[in-house]
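with the sequence up front, the predicted model follows.
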Amino acid sequence: MQLYLPIAEVSINAFLLLGLGGLVGLLSGMFGVGGGFLITPLLFFVGIPPAVAVATSTNQIVASSFSALLSHLRRRTVDLVMGTVLLSGGLVGSGLGMILFNWLKAQGQVDLLVKLSYVVFLGTVGAMMLVESLNALIRSRRPGARPKRRRHNWVHALPGKIKFRVSGLYISVFPPFLVGMSVGVLSAIMGVGGGFIMVPAMIYLLGMPTKVVIGTSLFQIIFVTGFTTMLHAVTNQTVDIVLALLLILGGVVGAQLGARIGARMKAEQLRILLALLVLGVCAQIALDLLLRPDELYEIEPVAA
Amino acid sequence: MIRLALLLLALAGAARAEEIVLGLSQDEVAITATFDGSEILVFGAVKRVAPPPDGPPLEVIVTVSGPLNPATVRRKERRAGIWVNTDAIEVDAAPSFYAVASTGPLDEILSATEDLRHAVSIPRAIRAVGNRIEGSAEFVAALIRIREEMGLYERLDGAVDLEQQTLFRTSVALPANLVEGNYETRIFLTRGGAVIDRYETVIGVQKVGIERWLYNLAQERAALYGLLSLLLAMAAGWAASAAFSGMRR
């Protein structure tokens, strides 16, 4: 069934959009990533203008993240205290990131920088996660292996300690605030919610349990993407509510299924799958940069 | 002065031996939610005061042009192993859609000078007066090539039927990915490469119903529209979560 989208001004198959939304929602529910790094390129691919794709996918992420968050809240796997600290860091970070983004834009080549930062961050994060979770899987298979001792490092020596009860942590507020802030900077530049950086940062830098990490990341993502949706709607008028509705309908169902699947899987398996996914997207973007494109020219409409 | 102009105009009118009388199957296209393209039938007749003159046969050219929008055309080059955007040109007014249908091969029935004067063929229409393009022809060629591949620019040689040198008809398919605006439609009569009459009309393309309402809301009450989008997202998220947890019990 073809549907004409009022803001995107293209006619597109409604079931295709439902499917795309469902796929990304599934991943969102399983891994706690918003899926912005997946849905936006997919929308470009089916012919949605880039500006509309970027703005509308943030709105879709709000829906799927909210849906998944509710199931996590019911299972009490959300650390609201940690989420609030990360979020406040994140808002400061996205403010800084916006300034940096505009400066880069003035220098030209912002597209290239966005792509390069995707490759660098997705590559590093994905490779690290894959190696670590494979090791963890092998260790858990070996019978009689000693449980890993919790390491104490410089993070635990900082002042301003708070009890994060759900995460079972008693650490300073500064590391999570800084993590939130750097993710905020990156997400403003790369135009994504930042879940794929946030999740590994919480696991490896803050030492939070994987099950809590996902719900907490979702909590943080809702606010960041909600804020971005409003910004796009007010400044560029590029949020397509019909497109969003179709992606959302697919997405919320996918997110519910994803959260169920995620709850039944081992933490190591989840991390391996997420690592592979992140590396896959990274490879795709890297190939785009390295291979000779079929068409050397591209047309970009200029807003009047 | 005005009287002189009117007189000249009347003389010019009288001098035209062959004139276009035109009909359109529709002069408005409504974009509804299920819009997936539209076929417009352009038909007409040639009015004469005398029998058709001898010599080269009469030919008909029909053009339909979408609204003009500025665009940037960028070129990629390989720098340090990576493909990056290097050069770019600005096109002030590129038609979002352009179709030119004719009774025969365009370059045979229309001379180069007439094409230049009336901006009929695709390259000429893009380079028409009022459209400032800086930079080399390669960029313009790329613009045309890409939009032809997307089905937005079409050259339909032989798509106009002409009967008895008098009745002509053609149909122009407007694609599903249509931009709102006025679609300028022109009809040219040519003999031996020279234009002997031209006629212009406009096909209005507009969103209607819910499409219109949402578009206006997004433009005029942007904050409200944004909040509505967020509310919709939260409600859908909650509904799905509630439905699924209900199903499990």
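That came through, no problem. Residues are numbered from 1 along each chain as shown, chains lettered A, B, ... in the order given.

care to break chain B down by domain?
Under the assignment named as automatic domain parsing, the residue ranges that make up the domains of chain B are B:16-207, B:209-249.

give me the below-cutoff pLDDT ranges for chain B.
Where chain B drops to pLDDT under 70, the residues are B:1-16, B:128-136, B:246-249.

residues contacting the spatially most central residue of chain B?
For chain B, residue B:65 is the residue whose C-alpha lies nearest the centre (C-alpha atoms, centre = their mean; 2.3 Å). For residue B:65, the contact set (C-beta atoms under 8 Å, 6 or more residues apart in numbering or on different chains) comprises B:95, B:97, B:98, B:125, B:183, B:184, B:185, B:186. All C-beta atoms are positioned from the backbone trio N, CA, C, and that covers glycine.

likewise residue B:230?
Contact criterion C-beta under 8 Å, 6+ apart gives A:59, A:62, A:226, A:229, A:230 as the residues in contact with residue B:230.

secondary structure element for the second one?
Right, residue A:62. When elements are assigned from DSSP states H and E, residue A:62 belongs to helix A:50-74.

near the residue of the stretch 101-250 of chain A found nearest chain B, how many other residues are there?
For the stretch 101-250 of chain A, the nearest residue to chain B under the criterion C-beta to the nearest C-beta is residue A:233, separated by 3.0 Å. Close neighbours of residue A:233, defined as other C-beta atoms under 10 Å in any protein chain shown, add up to 27.

most neighbours of all the contacts of residue B:230, which one?
residue A:62 (32 neighbours).

excluding chain neighbours, what is closest to residue A:261?
Taking C-beta to C-beta, 6 or more residues apart in numbering or on different chains, and ignoring the residues beside it in sequence, residue A:261 has residue A:30 as its nearest neighbour in space, at 5.6 Å.

compute the inter-axis angle for the helix or strand containing that neighbour and helix A:50-74.
Element membership for residue A:30, per DSSP H and E: helix A:14-31. Note on geometry: by axes from the mean of the first three to the mean of the last three C-alpha atoms, to 10 degrees, helix A:14-31 and helix A:50-74 are set 50 degrees apart in direction.

spit out the contact partners of residue 218.
Assuming you mean chain A. A:28, A:32, A:65, A:68, A:69, A:72, A:78, A:195.

my question was about chain B, not that one.
Residue B:218 sits next to A:6, A:7, A:233, A:237, A:239, A:241, B:225 when contact means C-beta under 8 Å, 6+ apart.

just name the closest of those to residue B:166, please.
residue A:6 (43.2 Å; C-beta to C-beta).

tell me the secondary structure for the closest one?
Following DSSP: H, G, I helix; E, B strand; the rest coil, residue A:6 is assigned to coil.

state the distance from it to residue A:56.
Here the criterion is C-beta to C-beta, to the nearest Å. By it, residue A:6 lies 12 Å from residue A:56.

quick one, which of those two is more surrounded?
Neighbours per residue, other C-beta under 10 Å: of residue A:6 and residue A:56, the larger number sits with residue A:56, 32 against 24.

once you drop chain neighbours, what's closest to residue A:101?
The spatial neighbour of residue A:101 that comes closest, neighbours along the chain excluded (C-beta to C-beta, 6+ apart), is residue A:189 at 5.2 Å.

list phi and psi for residue 77.
All of this refers to chain A. In this entry, residue A:77 is assigned phi and psi values of phi -120, psi 40 (degrees, to the nearest 10).

switch to chain B, please.
Dihedral angles for residue B:77 - degrees, to the nearest 10 - are phi -140, psi 160.

neighbours of it, how many?
Counted with other C-beta under 10 Å, residues neighbouring residue B:77 total 11.

and the helices in the chain, which stretches?
Going with chain A. In chain order, chain A shows helices spanning A:14-31, A:36-46, A:50-74, A:80-106, A:110-141, A:174-190, A:195-200, A:210-235, A:241-264, A:267-290, with DSSP state H as the criterion.

that was the other one, I meant chain B.
For chain B, helices defined by DSSP H occupy the ranges B:2-15, B:106-109, B:112-118, B:122-126, B:137-149, B:209-220, B:222-248.

counting contacts, what elements does the shortest one pack onto?
Meaning helix B:106-109. Of the remaining helices and strands, those touching helix B:106-109 by 3 or more C-beta pairs under 8 Å, 6 or more residues apart in numbering or on different chains; DSSP states H and E are strand B:58-65.

possible to save the helices of chain A as JSON lines with mean pLDDT and distance to residue B:178?
Below are the helices of chain A laid out as JSON lines (pLDDT from 0 to 100; distance: least, C-beta to C-beta, whole Å):
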{"stretch": "helix A:14-31", "mean pLDDT": "85", "distance to residue B:178": "18"}
{"stretch": "helix A:36-46", "mean pLDDT": "78", "distance to residue B:178": "17"}
{"stretch": "helix A:50-74", "mean pLDDT": "82", "distance to residue B:178": "16"}
{"stretch": "helix A:80-106", "mean pLDDT": "81", "distance to residue B:178": "31"}
{"stretch": "helix A:110-141", "mean pLDDT": "80", "distance to residue B:178": "28"}
{"stretch": "helix A:174-190", "mean pLDDT": "81", "distance to residue B:178": "33"}
{"stretch": "helix A:195-200", "mean pLDDT": "77", "distance to residue B:178": "37"}
{"stretch": "helix A:210-235", "mean pLDDT": "83", "distance to residue B:178": "24"}
{"stretch": "helix A:241-264", "mean pLDDT": "85", "distance to residue B:178": "16"}
{"stretch": "helix A:267-290", "mean pLDDT": "83", "distance to residue B:178": "30"}
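
could those be laid out in a markdown table, adding distance to residue B:85?
Rendered in a markdown table, the data for the helices of chain A read as follows (distance: least, C-beta to C-beta, whole Å):
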| stretch | distance to residue B:85 |
| --- | --- |
| helix A:14-31 | 27 |
| helix A:36-46 | 16 |
| helix A:50-74 | 14 |
| helix A:80-106 | 13 |
| helix A:110-141 | 7 |
| helix A:174-190 | 18 |
| helix A:195-200 | 26 |
| helix A:210-235 | 23 |
| helix A:241-264 | 27 |
| helix A:267-290 | 12 |
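
closest to residue B:158 out of the ones you listed?
The stretch from the helices of chain A with the least distance to residue B:158 (C-beta to C-beta) is helix A:36-46; that distance is 33.7 Å.

what inclination does that closest one have with respect to helix A:50-74?
140 degrees.

and helix A:36-46, anywhere near chain B?
No: contact between helix A:36-46 and chain B, assessed by C-beta under 8 Å from any C-beta of the partner chain, is absent, since the two come no nearer than 11.7 Å.

residues contacting residue A:47?
With C-beta under 8 Å, 6+ apart as the criterion, the residues that contact residue A:47 are A:10, A:12, B:177.

so of those, which ones are in strands?
With strands taken from DSSP state E, the overlap with the contacts of residue A:47 comprises residue A:12.

just the buried residues from the contacts of residue A:47, in ChimeraX please.
Typed into ChimeraX, the next command selects the buried ones out of these (criterion: 16 or more other C-beta atoms under 10 Å in any protein chain shown):
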select /A:10,12 /B:177
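
closest one to residue B:81 out of the contacts of residue A:47, please.
Relative to residue B:81, and with distances defined as C-beta to C-beta, the nearest of the contacts of residue A:47 is residue A:10, at 34.4 Å.

so what's the backbone phi/psi at the closest residue to that closest one other than its chain neighbours?
Distances taken as C-beta to C-beta, 6+ apart put residue B:177 closest to residue A:10, at 4.5 Å, once the chain neighbours are dropped. Note on residue B:177: backbone dihedrals following degrees, to the nearest 10 are phi -90, psi 70.

show me the contacts for residue B:177.
Counting by C-beta under 8 Å, 6+ apart, residue B:177 touches A:9, A:10, A:11, A:47, B:152.

max pairwise distance over these: which two?
Spanning the widest gap among the contacts of residue B:177 are A:11 and B:152, at 13.4 Å by C-beta to C-beta.

in the sheet, which residues pair with residue B:38? Tell me.
Listed by DSSP bridges, the beta-bridge partners for residue B:38 are residue B:174.
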